[in-house]
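Undergrad: Okay, predicted coordinates and the sequence, questions at the end:
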Amino acid sequence: MKGLTTICSLFYIIVQTTGSDVINFSLPENTVKLSTQQFTQFSKSKLKISTLDNDTRAHYQNGDIILAFWDAVRPLFTERTLESKQKVSASILKRTKKNAAIKRSEIITVNNIRYLIFQYEVNDSGKIIFNSDYYNDKNLRGELTYNFADRDKANELLNQILNSSKLR
């Protein structure tokens, strides 16, 4: 029985742990990976705010919340800090989505990893976008897209992901 428990535990870790070239993290319970077709169908039918294009690395679903994660390479000749990204994000949002309300814009440190957390809501939906600092010229980026009814759950999912994060 102990052997079966060990195998089941290893399977759970493999299924629930994901990450990037930069950071490993655990997916919250009941999070499932979506195919491109499932992602497109779900985002069009359930969400009232546009989600990322299908070219991101991975899409997941937890209830009615879409989670997306991808790595980004530091642009050549650019030293963009989280602080500068924070200013740019607010400026772009104000120009492109005039009726959007910024709910959160802060830089936090979790497990010795710095993140910019940017959250906004427009109409009946919201997004939480996060960026890690660059490590070896790459960073982890993510986005949680939710309807108003799931605002607290989206923030809880983000906290679970960030609290499980570790640098590679």
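TA: On my side now, so go ahead.
Undergrad: On the three-state scheme, the spatially most central residue of the chain is what?
TA: What sits nearest the mean C-alpha location of the chain, by C-alpha atoms, centre = their mean, is Gly142, with 2.7 Å. Following DSSP: H, G, I helix; E, B strand; the rest coil, we place Gly142 in the strand state.
Undergrad: That one bridge partners, please.
TA: On DSSP bridges, the residues paired with Gly142 through beta bridges are Phe69, Phe130.
Undergrad: Would you agree it is in contact with Leu157?
TA: No. Under the criterion of C-beta atoms under 8 Å, Gly142 makes no contact with Leu157, lying 10.2 Å away. C-betas here are computed from N, CA, C, even on glycine.
Undergrad: anything in contact with each of these two?
TA: Contact with both Gly142 and Leu157 is made by residues Leu67, according to C-beta atoms under 8 Å, 6 or more residues apart in numbering.
Undergrad: for the protein, what are the low-confidence residue spans?
TA: For the chain, applying pLDDT under 70 flags the ranges 1-20, 48-57, 76-79.
Undergrad: Now stretch 111-127 - C-alpha only, PDB.
TA: Extracted C-alpha coordinates of stretch 111-127, given in PDB (Å, rounded to 0.1, in the frame of the first residue of the first chain):
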ATOM      1  CA  ASN A 111       9.900  33.300  -2.100                       C
ATOM      2  CA  ASN A 112      12.700  35.800  -3.000                       C
ATOM      3  CA  ILE A 113      11.100  36.400  -6.400                       C
ATOM      4  CA  ARG A 114       9.800  39.900  -7.300                       C
ATOM      5  CA  TYR A 115       6.500  40.200  -9.200                       C
ATOM      6  CA  LEU A 116       4.600  43.100 -10.600                       C
ATOM      7  CA  ILE A 117       0.900  42.500 -10.000                       C
ATOM      8  CA  PHE A 118      -1.500  44.500 -12.100                       C
ATOM      9  CA  GLN A 119      -5.300  44.000 -11.800                       C
ATOM     10  CA  TYR A 120      -8.000  45.800 -13.600                       C
ATOM     11  CA  GLU A 121     -11.700  45.500 -14.200                       C
ATOM     12  CA  VAL A 122     -13.900  46.600 -17.100                       C
ATOM     13  CA  ASN A 123     -17.600  46.000 -17.600                       C
ATOM     14  CA  ASP A 124     -18.300  42.800 -15.600                       C
ATOM     15  CA  SER A 125     -14.900  41.100 -15.900                       C
ATOM     16  CA  GLY A 126     -11.400  41.500 -14.800                       C
ATOM     17  CA  LYS A 127      -7.800  40.500 -15.300                       C
END
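Undergrad: Kind regards, and thank you for your time.
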